[in-house]
Structures are given as structure tokens and as C-alpha cells.
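Asks: give me the fold of what follows.
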Amino acid sequence: MNPETVINALNAHSVKYVIVGGFAAVLQGARYITQDIDFCYARDDDNLKNLLQAFGTLHPIIRPNPTLPFDLIALQNNTNFTLDTDAGEIDLMGYIDGLGDYTEVVKRAEEFEVRGQTCQVLSLEGLITSKSALNRRKDLQLLEELKSLDALKKQGKA
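Replies: Next comes the predicted model:
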């Protein structure tokens, strides 16, 4: 996984996105191993076009159906995508359980710098809300660490 390449491409094409999921947890201080990077993205027409331009350089393949083209029609008709790209595995999500769509998710985001690139990353509070709503085993394991990090942050120790 090469998050820097993806973030550079998204920023270069003015894509509206928030980093969510395991990589957001890592950026927030969690000791979590993730094989992909998850993004919540705005679904307005301009952003979908910008997203396509950004991902054009990464040669995306839709994992469950590699014959399906990753194009504007696919983006308009579907919300979530699991992609294999030149930069690694990427999950694109138009909706985050427990939080909602991009307009709601971005309200819970914080600005971070990742190797010289500014990006929006889901806050600890947002990650806790989302992971609680998912109720999957791997999310519940991470949830305890996120709660501990959040408590330390609120005490000014993180």
C-alpha cells in the first residue's frame, strides 16, 4: 500500500475525501496493521469526475468484478468500491456506518499532513462511532485501543 501516491493523486485533482478506517486509526496513533486505505468521498457529479481523473493514473480494477469498468456510470450507480490499484488496495465508500455520507463524515474529520500532503482524516471520536456501528470482530478489537487513545487525548497525554 502506498498512501502517499493515492493522496497526491486525489489532492492534485481536487477530490473531496476523508481518510477513514484502519489507516485513519493508524494516523490517529493506533497500533493497527492494515493492508488497504479507506476513503469516504463526496458523491456530487464534479467530485465523481475529479475522482475518475485521479484514479485514472492508478489503473483501478474493481476487485469483485474485474471486468466491470471503473467509470462515471459505475460511480453513479454504486456507492462502495473495493479496488486493486497500482498504489495498493483501496476501499472507496460513499457512506460510513454510524456516521452517514461525506457531508456528515467531513464534519468529524481533522486536518493531517501525510508526507507533505494535507488531507482530512476521521477523528478518534468518528472512528469510535463508526467502529461501534459496524460491530465486526476486528473492529471491536480496534475499538478498545481507539477509546484508550481518545481518553489520553482528552487528558492531553496523546
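Asks: what confidence value was assigned to the residue nearest in space to the middle of the chain?
Replies: Within the chain, the residue whose C-alpha comes closest to the C-alpha centroid is residue 39; the distance, by Cα atoms, centre = their mean, is 2.1 Å. Looking at residue 39, its pLDDT reads 97.
Asks: now do the SS call for it.
Replies: Secondary structure state of residue 39, per DSSP: H, G, I helix; E, B strand; the rest coil, is strand.
Asks: pretty sure it contacts residue 24?
Replies: No. Here residue 39 does not reach residue 24: they are 9.5 Å apart, not a contact under Cβ atoms under 8 Å. Backbone N, C-alpha and C define where each C-beta goes, glycine included.
Asks: quick check: neighbours shared by these two?
Replies: Common contact partners of residue 39 and residue 24 (Cβ atoms under 8 Å, 6 or more residues apart in numbering): residue 18.
Asks: could you identify the longest helix within this protein?
Replies: Assignment by DSSP state H gives helix 137-154 as the longest helix of the chain.
Asks: so how far is it off the chain centroid?
Replies: Here the centre of helix 137-154 is set off from its chain's centre by 18 Å, with Cα atoms, centre = their mean, to the nearest Å.
Asks: put the alpha carbons of that helix into CSV.
Replies: C-alpha atoms of helix 137-154 as CSV (Å, rounded to 0.1, in the frame of the first residue of the first chain):
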residue,chain,number,x,y,z
ARG,A,137,-14.8,-8.7,15.5
LYS,A,138,-11.8,-6.9,14.0
ASP,A,139,-13.5,-3.5,14.6
LEU,A,140,-14.4,-4.4,18.2
GLN,A,141,-10.7,-5.3,18.9
LEU,A,142,-9.5,-1.9,17.5
LEU,A,143,-12.3,-0.1,19.3
GLU,A,144,-10.8,-0.6,22.8
GLU,A,145,-7.5,0.9,21.6
LEU,A,146,-9.3,3.9,20.0
LYS,A,147,-11.2,4.6,23.2
SER,A,148,-7.9,4.5,25.2
LEU,A,149,-6.3,6.9,22.7
ASP,A,150,-9.3,9.2,22.9
ALA,A,151,-9.2,9.2,26.7
LEU,A,152,-5.4,10.0,26.6
LYS,A,153,-6.0,12.8,24.0
LYS,A,154,-8.7,14.3,26.2
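Asks: buried residues in that helix?
Replies: Neighbour-count burial for helix 137-154, counted by 16 or more other Cβ atoms under 10 Å, picks out 139, 142-143, 146, 149-150.
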